[in-house]
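Enquirer: What would the 3D arrangement of this be:
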Amino acid sequence: MKNFASKKINSELKIVYSESDTLSIVFQSNELLSGVLGEFNNNLKELEKISDSSIYSRGNSILLKNGSEKNEILKNAIQFLSNQFLINGSIEKKDIESSLNKFMINEKDTYSKKNVEYIIKTPKKSVIPRSEKQKSYIRALKESDIIISAGPAGTGKTFLSVAVALTMLLEKKIERIILSRPAVEAGERLGFLPGDMREKVDPYLRPLYDSLYDLLDYEKIQKKIEVGDIEIAPLAFMRGRTLKNSFAILDEAQNATDTQIKMFLTRIGENSKIVINGDPSQIDLPNKSLSGLERSKKLLRHLKEISVVDFDHKDVVRHPLVSKIVKAYSDKKLNND
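Expert: The predicted structure follows:
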């Protein structure tokens, strides 16, 4: 495949409006057109299905016939998908679903000077922020010493923090990544579980592993774990340590107590970052009031070295239905309160 990554999307697509509420997107490159359409036009069919719209492929063009407002939304979606193909050389189903998110950053500005800094380049793919809140989160991950993020599943908290951490490790800006999570299901009593420490906590850290494998080859991740560049540590084992030249991520922090979060935050050492990620709506502690996530946000928000980022259902970048489900449960909770 030719290297399209250095080309700007505006030079690849030509937008033509007609009087009959038809919008044509003309592709200058057949290879880019084929990438956007997908095998047997499967990408186009999926976009048409989830947007409940009429989309046609004619020659080197994609035709939109849905009324001016929907056409504009679909035009932005196709520009987004074109950008994904230019950068990554492929389009995944999640990209098609995210392309219709109206809160997504306008992709025609992705290559502008003010936005290019937010693209995270990893060996397997380039990660583009898909909402303004994700953009703010990436900025915080790069600029702040401590980052606390809270919000529903599917907003990219874990994936983006792992992507930034891995990039910093590969660029030798830090010496190791530390991944941690409260093992609430095991009551933090890991000694009763079979296997060594890694085998005990692996099931609880699976989402973090999934993010790593999505960004770097499996064999390379395993090698970095073996030599200690990537360390797996249950939250209970962090006490008494000082983390230097490290990027430490505490996932599922809604299941950590106030005391545990304070302990984790105070591990920070020279040239280190600490990230706290959690979803306040998914607290598994027997007494939900024991969760320290919300309290840490309130206590530390005013400190300039600490960034607090709050996501909500509008920032969900998984299947569009996930956002609706999260909103429905959130509304129910507000009504009950």
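Enquirer: Can you name every helix or strand that the strand or helix carrying V162 contacts?
Expert: Using DSSP states H and E, V162 sits within helix 157-170. Judged by 3 or more Cβ pairs under 8 Å, 6 or more residues apart in numbering; DSSP states H and E, helix 157-170 is in contact with strand 120-121, strand 126-127, helix 132-143, strand 146-150, strand 176-180, helix 206-215, strand 246-250, strand 273-278. Where you see a C-beta, it was placed from the backbone N, CA and C, and this is true even at glycine.
Enquirer: Indicate which one of these is closest to I232.
Expert: strand 176-180 (5.6 Å; Cβ to Cβ).
Enquirer: where does the nearest residue to D21 once chain neighbours are set aside land on pLDDT?
Expert: Distance criterion Cβ to Cβ, 6 or more residues apart in numbering; nearest residue to D21, sequence neighbours excluded, is G67 at 5.5 Å. G67 carries a pLDDT value of 79.
Enquirer: neighbours of G67, just the number please.
Expert: 12 (other Cβ atoms under 10 Å).
Enquirer: quick one: it from E97, how far?
Expert: Between G67 and E97 the computed distance is 22 Å (Cβ to Cβ, to the nearest Å).
Enquirer: Convert the longest helix seen in the chain to PDB, retaining C-alpha atoms only.
Expert: The longest helix of the chain (DSSP state H) is helix 68-88. Coordinates of each C-alpha in helix 68-88 appear next as PDB, following Å, rounded to 0.1, in the frame of the first residue of the first chain:
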ATOM      1  CA  SER A  68     -28.800  18.500   3.800                       C
ATOM      2  CA  GLU A  69     -28.400  18.000   7.600                       C
ATOM      3  CA  LYS A  70     -27.900  14.300   7.500                       C
ATOM      4  CA  ASN A  71     -25.700  14.600   4.400                       C
ATOM      5  CA  GLU A  72     -23.400  16.900   6.400                       C
ATOM      6  CA  ILE A  73     -23.100  14.400   9.200                       C
ATOM      7  CA  LEU A  74     -22.400  11.600   6.800                       C
ATOM      8  CA  LYS A  75     -19.800  13.700   5.000                       C
ATOM      9  CA  ASN A  76     -18.000  14.300   8.300                       C
ATOM     10  CA  ALA A  77     -18.200  10.600   9.000                       C
ATOM     11  CA  ILE A  78     -16.700   9.600   5.700                       C
ATOM     12  CA  GLN A  79     -13.900  12.300   6.100                       C
ATOM     13  CA  PHE A  80     -13.200  10.700   9.500                       C
ATOM     14  CA  LEU A  81     -13.000   7.200   8.000                       C
ATOM     15  CA  SER A  82     -10.800   8.500   5.200                       C
ATOM     16  CA  ASN A  83      -8.400   9.900   7.800                       C
ATOM     17  CA  GLN A  84      -8.400   6.600   9.700                       C
ATOM     18  CA  PHE A  85      -7.400   4.800   6.500                       C
ATOM     19  CA  LEU A  86      -4.700   7.400   5.600                       C
ATOM     20  CA  ILE A  87      -3.100   7.000   9.000                       C
ATOM     21  CA  ASN A  88      -3.600   3.400   9.900                       C
END
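Enquirer: That one - contacts with which helices or strands?
Expert: Helices and strands touching helix 68-88, by 3+ Cβ pairs under 8 Å, 6+ apart, are helix 9-12, strand 13-17, strand 22-27, helix 30-37, helix 42-51, strand 61-65, helix 93-98.
Enquirer: Buried residues, it. List them.
Expert: Residues 70-71, 73-88 are the ones in helix 68-88 that count as buried (16 or more other Cβ atoms under 10 Å).
Enquirer: And for stretch 283-296?
Expert: I283, S291, G292, L293, E294, S296.
Enquirer: distance of the second one from F247?
Expert: Put plainly, it is S291. 24 Å.
Enquirer: same check, this time on the last one
Expert: Counting by Cβ to Cβ, the separation of S296 from F247 is 19 Å.
Enquirer: Would you list the phi and psi of the residue lying farthest from the centre of the chain?
Expert: In the chain, E19 marks the outermost C-alpha relative to the chain mean, sitting 39.5 Å out by Cα atoms, centre = their mean. Taking degrees, to the nearest 10, you get phi -80, psi -20 for the backbone angles of E19.
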